[in-house]
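> Below are the sequence and a predicted model for it; my questions follow.
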Amino acid sequence: GGLNILGLISVDSLLSVAQGLQVKVTNGSVSGIDSGFTVLATEEESGVTEHRAAGFIAESTSALVTNGTVDKLKKVSTTDMENGYAGGFAAVSYTGGLADVGDPTVGEGGLVDISGLLSAVQYLIPKYTDCKVTYIEDVESQQVEAACAGGFVGKLESGTIENTAEDYTAVEQLCNVHGRDYAGGFVGFATSGGLIASRGGISILNGTLNVNVDELLNVFNFYVPVIKNASISSEAGLTVTCDGDIEKAEQAAEPQADAEGEEGEEEQIQDTDLYGSNVGCAGGYIGYGSGVQITNSDVSNLRFTTVNEPEDLQQQDGSSYFGDGSHYAVKAGRYAGGYVGKLDIGNAAAIGKNLGALNKVLELNQAVSALASVSSKIVDSDVTGDVGGYAVLADGTLEGSDKVGHAGGFAGSVDGSLIENSNAHNFAYIIGQET
């Protein structure tokens, strides 16, 4: 993807080009009949590698949506549980591309003024303002179902979801979300997009040129997914389940060797599969988040479920927690949390990889700025369970019968991230096979 320019127009002219790539939707609505409408993406079309299903827009690129609503959504799903994405509002949301931009007359090691380029980037980032999804309440069936499933968006690769009212509810009457790889009440998988991203991004002569480090740091914030004032409300109680093949996560986490069979730091950054290496995440709000920033977005309520305790709580046998008689509001193989399955720090090198600036040694203040831009943050956001309390389970099994699973009342796992003034209320059981 992306736009191949290679010096045919000046870099400063990119601003007008980027504005032309942006799609704007204002006061758009999709509404079903009283019994609700269903969206299904099938595998019938040959040659399609990824299937997407959504209530409003299946694939959103550089979209600017204001006051968009989806009402009376019964179910959104894909029949493809290997490469399918489903979300109540959008299935996949990612940044548009301006690829291979540069001036071929500048020699290797030259310094390029990319002020126009950075100004253009903001028009490539999708943004959703005052958008909402209302489901038809159904506690018996999965309402969102795919390999990667979210109540609002399945996969969010950068972008901003922001609502003007602080008490805004973005997802209502959601009861059940099921994802094979990732599942979240709001978003299944969220990560910062990159200047060199799978969708195109921005390449400056394949990395042969250098850009000013300070300018590069300024653009980092554009590529970080931001969610503000977007709460979830479920009167019947919400359950989120992820039951995928976590074995493939172990394989994807291993760096791939280059053509000569060597493995270096650069190859590890570029070849490690972020999506594949974290399969098995579920959270009441977000399954997996890398470099994501969430503010004032609550989950209310996670459902009370029945959990069978061992008859003797002093014994070593806890098999009843994992038996068919026990049920959980949030369940996953690797990471399960009342709010987030796994909260991870983003990769500054991945956001700006192939740009010469990141091949240099950054000054300390520049390094701190880069890390601050890509660290995940959850602020002023709570998760609350029904009166009887909610239960969380992480119970994966790898080849060779190795047991894995990290569970938490708020987060299953937190790496290099900040959680501030955010709480878990009314939880009853937190069961993890590791932690």
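Structure received. Numbers count the residues shown, from 1 in each chain.
> a helix runs through Ser320, doesn't it?
Yes: the assignment for Ser320 is a helix, going by DSSP: H, G, I helix; E, B strand; the rest coil.
> Once you drop chain neighbours, what's closest to it?
In space, and not counting its chain neighbours, Ser320 is closest to Asn308: 4.4 Å by Cβ to Cβ, 6 or more residues apart in numbering. For every residue, glycine as well, the C-beta is placed using N, CA and C.
> I'd guess the one you found is in a helix, am I close?
No: per three-state DSSP, Asn308 lies outside any helix segment and is coil.
> For it, what are phi and psi?
The phi and psi values for Asn308, taken as degrees, to the nearest 10, are phi -90, psi 110.
> Return the residues in contact with it.
Taking Cβ atoms under 8 Å, 6 or more residues apart in numbering as the contact definition, Asn308 lies against 320-321, 323, 325-326.
> which regions of this protein lie under the pLDDT threshold?
For the chain, applying pLDDT under 70 flags the ranges 1-21, 44-48, 96-122, 193-222, 248-272, 347-373.
> repeat that for 80
The model of the chain has pLDDT under 80 over residues 1-22, 43-49, 95-124, 193-223, 244-273, 346-374, 399-401.
> Buried by neighbour count: which residues of the lengthiest strand in it qualify?
Ranked by number of residues, the top strand in the chain under DSSP state E is strand 231-242. Buried residues in strand 231-242, defined by neighbour count with 16 or more other Cβ atoms under 10 Å: 231-234, 237-242.
> For it, C-alpha coordinates in PDB please.
Extracted C-alpha coordinates of strand 231-242, given in PDB (Å, rounded to 0.1, in the frame of the first residue of the first chain):
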ATOM      1  CA  SER A 231     -16.800   3.300  28.100                       C
ATOM      2  CA  ILE A 232     -18.600   0.000  27.900                       C
ATOM      3  CA  SER A 233     -22.000  -0.600  29.500                       C
ATOM      4  CA  SER A 234     -23.600  -4.100  29.800                       C
ATOM      5  CA  GLU A 235     -26.600  -4.500  32.100                       C
ATOM      6  CA  ALA A 236     -26.700  -8.200  31.600                       C
ATOM      7  CA  GLY A 237     -23.000  -8.600  32.200                       C
ATOM      8  CA  LEU A 238     -20.100  -9.000  29.800                       C
ATOM      9  CA  THR A 239     -18.000 -12.100  29.000                       C
ATOM     10  CA  VAL A 240     -14.900 -12.100  26.900                       C
ATOM     11  CA  THR A 241     -13.300 -15.400  25.800                       C
ATOM     12  CA  CYS A 242     -10.100 -16.200  23.800                       C
END
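> Who are the packing partners of it?
strand 169-172, strand 176-184, strand 281-283, strand 299-302, strand 330-332 (3 or more Cβ pairs under 8 Å, 6 or more residues apart in numbering; DSSP states H and E).
> got the angle for the helix or strand just after the third one vs strand 231-242?
To tie it back to what came earlier, the one meant is strand 281-283. Next helix or strand after strand 281-283 toward the C-terminus (DSSP states H and E): strand 286-290. For strand 286-290 against strand 231-242, the angle by axes from the mean of the first three to the mean of the last three Cα atoms, to 10 degrees is 90 degrees.
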